[in-house]
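Asker: coordinates only, sequence not included:
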Ligand SMILES: Cc1ncc(COP(=O)(O)O)c(C=O)c1O
Ligand code: FES
């Protein structure tokens, strides 16, 4: 049973302004086929003042959808259209003393109906750009579509980052499995970074063991290079520069920190950092460097710099 | 006005006789059945009798085929995981699209780990296509898991026939009979069913007790390993009070089997006919000719289920709905969608599930209460005007998200 507030129950059992409205001159029809709710908002607007004289609704939906519709009509009555456009879904929810997280979309539908009705009055077409997904985080009412969008737009790679951006996962933590699943789906579709041929062909690159942290830097001094030190550095720089645009396209980057014989220490930045594909990316770049230099080199994270020095 | 409980497929009230049988096991009979003293001895005797009662209810050949678990969900998981582990050379599961989440969510998870899952579709009455099933059976099939009766519509599946077919390719057959046990006669020794799940709280025993029937000679790998309880097939100290309660409930279910299929069925039919006679644009979902005697699932078009439930509840009537809004997911029931019920009807499905405790007087009160509620909500619905659905449903075509 939902934990509805007294106000929600009251508006559900005794909805205000229900049914068709005579003389309506602004009508907004919205719905979400998925969640099964649909709402028609009817307004009578004074053409002189653009003030909403009356508002009615018809709703196909659950208790909170009906209560949200009822609340909406009460809120906007007497407002000008411009004022009404400022009404947020949170305002509708607050009017009802809050809605359960899973039901917040009912208030969103109310706001959208309002926008649609006003667009209808002004002879504009209203496009719904709102898409909703399954509820992932119940503590903070965050759905899968929002998480996906934010992960994509900001190249997030960890649950902590998702929590930081969306709050999702910051409460009881029971949604972390769901968030991790979204992260790995997005990361799999996004990664176009260079990969060593063996990995590129493998069906599940992510299943490769992440060996980077256990690889010990080669400790013997480098064999006499065929290039001068300066030429060699230039070559390494050129190769890395050629790869960078590819990483930047994925919102990542790489910088060379130190070259110590066979060991080249780099920093992976942005999206590449902490990405599940980090190991694959490094091996891919390493393969290209080996190719360009004609000698074996090892690409290592800058974090391992101190380790070899101490040996 | 006393409340009317018509949600017995969700859970049932413990029968007073069940509670009475259990009580001593919280007080003087608190011992551990495995212990070598008189405290444990009486408990072991209680468990033995309960095992035999359950054995009789489902017609198992041996009482050692009964494994007590913590719930229906545990029995389901144990059955499927065991079949996969015990037969590494087989990696396919055949199930249906209308199973309970206890099966579906597990299969989805196993799929991610590489198990091949085939889900049999249903037609608009919720029936399976046996030819499709036949075409999917192969030497790679580890287990077939098909529910005996659907929890939402009550529709019965031909599990005995399907079990015999599975046997021909050497696949194991499991049935989630959580809704069927106690409502329809079951005689496992005459069937080819290898495993069956049941759950106490659906037949007037307490919550938190279940059974996995495991046919003798079926290869098995336990889910929980540890002590030697349940012959090592399900470790963990027995929930003796609940097991004894389930035994009592099983005895009673046997006694009332006839009643369930005559009197309870009559009340169900009366309820259904009474409502449908008064409410236009409403229909029974599932296969009315072949279903549990206690279940009526009615789709009320153009109104939403949660709203109906809230208004019913206000009059003390408890039922449930396949509407998205009652579950917290955004989709209406997967069972309704699988049957191709349109969204405007799927969201308005109400399940009335009866028990032997319901009376004719109660049913008549529901027949009186429901129609005005539907009419009241239809007045609010944009799909409805005055006396019927808005013309061709085209009048209301919202911008869908
Ligand atoms: C068909 C079916 N299977 C499994 C279950 C789960 O049983 P339990 O609640 O004992 O885990 C239920 C109960 O909701 C059910 O209806
Ligand atoms: S459900 Fe996401 S933190 Fe609780």
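Answerer: Everything's here; your move. Everything quoted here is computed from the prediction, not taken from an experiment. Numbers count the residues shown, from 1 in each chain, chains lettered A, B, ... in the order given. Ligands and ions are numbered 1, 2, ... in the order given.
Asker: quick one: which helix or strand includes residue B:18?
Answerer: helix B:16-22 (DSSP states H and E).
Asker: Please point out which parts of that helix sit buried.
Answerer: By neighbour count on 16 or more other CB atoms under 10 Å in any protein chain shown, the buried set for helix B:16-22 is B:18-19, B:21-22. The C-beta positions use only the backbone N, C-alpha and C, and glycine is treated the same way.
Asker: Could you tell me the model confidence score at residue 249?
Answerer: As the question left the chain open, I've gone with chain A. We have a pLDDT of 74 for residue A:249.
Asker: The intended chain is chain B.
Answerer: pLDDT recorded at residue B:249 is 98.
Asker: Provide the backbone phi and psi angles at the residue lying closest to residue A:270 once chain neighbours are set aside.
Answerer: Distances taken as CB to CB, 6 or more residues apart in numbering or on different chains place residue A:252 nearest to residue A:270, at 4.2 Å, with adjacent residues excluded. Dihedral pair for residue A:252: phi -120, psi -180, per degrees, to the nearest 10.
Asker: thinking again about what came up before, what's the helix holding residue B:18 in contact with?
Answerer: Residues from elsewhere that reach helix B:16-22 (CB atoms under 8 Å, 6 or more residues apart in numbering or on different chains): B:204-206, B:241-242, B:244-245, B:247-249, B:252.
Asker: Out of those, which sit inside helices?
Answerer: Judged by DSSP state H, the subset of the contacts of helix B:16-22 located in helices is B:241-242, B:244-245, B:247-249, B:252.
Asker: about what we covered before: mind picking the two most distant members of the buried residues of helix B:16-22?
Answerer: Using CB to CB, the buried residues of helix B:16-22 span at most 7.4 Å, a distance reached by B:19 and B:21.
Asker: if we can go back for a sec, out of the contacts of helix B:16-22, who's the most crowded?
Answerer: Counting neighbours by other CB atoms under 10 Å in any protein chain shown, residue B:205 comes out on top of these with 33 neighbours.
Asker: For ligand 2, see how far away that one is.
Answerer: Distance, residue B:205 to ligand 2, by CB to the nearest ligand atom, to the nearest Å: 33 Å.
Asker: Enumerate every residue touching that residue.
Answerer: Residue B:205 sits next to B:14-15, B:18, B:242, B:245-246, B:248-250 when contact means CB under 8 Å, 6+ apart.
Asker: Filter those residues to keep only those in contact with ligand 2.
Answerer: Subset of the contacts of residue B:205 in contact with ligand 2: empty, counting by CB under 6 Å from any ligand atom.
Asker: quick revisit: which other helices and strands does whichever helix or strand comes after the helix holding residue B:18 contact?
Answerer: Sequence order places helix B:38-58 as the next helix or strand after helix B:16-22, per DSSP H and E. Contacts defined by 3 or more CB pairs under 8 Å, 6 or more residues apart in numbering or on different chains; DSSP states H and E place helix B:38-58 against strand B:66-69, strand B:195-199, helix B:240-259.
Asker: Now with 10 Å, please.
Answerer: helix B:16-22, strand B:66-69, strand B:195-199, strand B:210-214, helix B:240-259 (3 or more CB pairs under 10 Å, 6 or more residues apart in numbering or on different chains; DSSP states H and E).
Asker: Parallel or antiparallel, list what pairs with the shortest one.
Answerer: Partners of strand B:66-69 in the sheet, by DSSP bridges, are strand B:210-214 (antiparallel).
Asker: is any part of the partner strand close to ligand 1?
Answerer: Yes - contact of strand B:210-214 with ligand 1 (CB under 6 Å from any ligand atom) involves residue B:210.
Asker: The stretch 1-150 of chain A: strands as residue ranges?
Answerer: Here the stretch 1-150 of chain A has its strands, by DSSP state E, counting those that start in this stretch, at A:26-32, A:37-46, A:51-60, A:135-137, A:142-143.
Asker: center of chain A, which residue is that?
Answerer: By CA atoms, centre = their mean, chain A has its centre lying nearest to residue A:150, at 1.9 Å.
Asker: quick one: the most centrally placed residue in chain B and residue B:353, what's the gap?
Answerer: By CA atoms, centre = their mean, chain B has its centre lying nearest to residue B:179, at 3.2 Å. Using CB to CB, to the nearest Å, we find residue B:179 at a distance of 9 Å from residue B:353.
Asker: Let me see the contact set for the residue in the stretch 51-200 of chain B that ligand 1 sits nearest to.
Answerer: The nearest approach of the stretch 51-200 of chain B to ligand 1 comes at residue B:72, 2.7 Å away (CB to the nearest ligand atom). Counting by CB atoms under 10 Å, 6 or more residues apart in numbering or on different chains, residue B:72 touches B:100, B:102, B:176-179, B:181, B:197-202, B:209-212.
Asker: Could you give the number of residues near residue B:27?
Answerer: Residue B:27 has 8 neighbouring residues, counting by other CB under 10 Å.
Asker: One more: the one 3 residues further on?
Answerer: Using other CB under 10 Å, residue B:30 is surrounded by 13 other residues.
Asker: Can you read off the pLDDT for it?
Answerer: Value listed for residue B:30 in the pLDDT field: 89.
Asker: Just confirm it contacts residue B:46, I think it does.
Answerer: No - applying CB atoms under 10 Å as the test, residue B:30 and residue B:46 come out as separate, 11.6 Å apart.
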